[in-house]
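Asks: Sharing a model prediction with you, sequence too.
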Amino acid sequence: MIQPPFDVAGFDKAMASDGLYHFHNLLGSQQLEALRKDCDQVYERRRAIQVRNGVDRGMEGAAHHVLGDDTSLDQFIADLPLADVIMHYFGGKYILLNFGATLHPPGGSAYTLKPHRDVRAWTADYPLSLNMLVMLDDFTAQNGATLLMTGSHLKEAMPTNDAFKTEAKQIEGKAGDILLFSSLVVHAAAPNKSDRPRKALTLCFGRPFMKPQMDWPRFLRPDAEAHLSPLARQLLGYDARVASSLDEYYQPPERWTFKQDQR
């Protein structure tokens, strides 16, 4: 249940009309410092793989699937901010579809600069996924605060680039703020015209029957499951797995790979 003083009616109204809601000052200075530092660490590892596999062009400053390195990013999932709000949005349990970090360096040319949606299927009356943007630095017009075209989740057709340029709003905020927005909202990073990177976390959540971008139970170390919080187990799909044998299928409810309350 969502605890007061959260404005449930205001959230529902904003999500229905604009497709986004801005939460202010949710993360403290120590957590922000740890997350910023660990973003650099996980990016270096992933950047090396991008370069090695020849897919580094257009991915400057972008780190994908940033769990499993024993950093503060793992703890972020274990104690996810706004977990109850997200459950309210879906009307039930949900899983983590992807989790990235963006360093958004000055003068970068990453694919995130192009207007896009983060879900392919058009299901306006039945939301499949929800985006979370965590501001690790202040978001300003100068350093490329994210552009979102409010209300675009209500129109199936993608806007033209000119329409997006004219109608999109630049969402400025402070380090520690969090945006939740419909994955159908058209958005893009704005060019960073400052002299330093602008860091953020980008997460996408979806209904338990959806396929995440990463198979987290196989991606993480075999011993990771024993140390996960109940919320992390849910988010990473440990309670929404498909049985791989008849013996695994024929089990009492407490041992089901897809838990009864994952609906």
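Replies: Received, thanks. Numbers count the residues shown, from 1 in each chain.
Asks: low-scoring stretches of the stretch 151-263 of the chain, by residue?
Replies: Scanning the stretch 151-263 of the chain for pLDDT under 70 picks out 260-263.
Asks: Would you map the helices across it?
Replies: With DSSP state H, counting those that start in this stretch, the ranges of helices along the stretch 151-263 of the chain come out as 161-167, 216-219, 230-235, 246-249.
Asks: same deal with the stretch 1-150 of the chain?
Replies: 8-17, 29-52, 72-78, 83-90.
Asks: Out of those helices, which is the most enclosed?
Replies: helix 72-78 (a mean of 19; mean count of other Cβ atoms under 10 Å). For the C-beta atoms, the positions are set from N, CA and C on the backbone; glycine is no exception.
Asks: Show me what the residue most central in space within the chain is bridged to.
Replies: For the chain, the residue sitting closest to the mean C-alpha position, by Cα atoms, centre = their mean, is Leu203 at 0.9 Å. Under DSSP bridges, the beta-bridge partners of Leu203 are Phe99, Met132.
Asks: pretty sure it contacts Ala101?
Replies: No. Shown here, Leu203 and Ala101 do not form a contact pair, counting by Cβ atoms under 8 Å, at 9.9 Å.
Asks: ok, Leu220 to Thr71 distance?
Replies: With distances taken as Cβ to Cβ, to the nearest Å, Leu220 is found 13 Å from Thr71.
Asks: how about the nearest residue to Ala168, chain neighbours excluded?
Replies: Leu147 (4.1 Å; Cβ to Cβ, 6 or more residues apart in numbering).
Asks: that older thread, out of the helices of the stretch 1-150 of the chain, which is closest to Gln213?
Replies: In terms of Cβ to Cβ, the element of the helices of the stretch 1-150 of the chain nearest to Gln213 is helix 29-52, at 13.5 Å.
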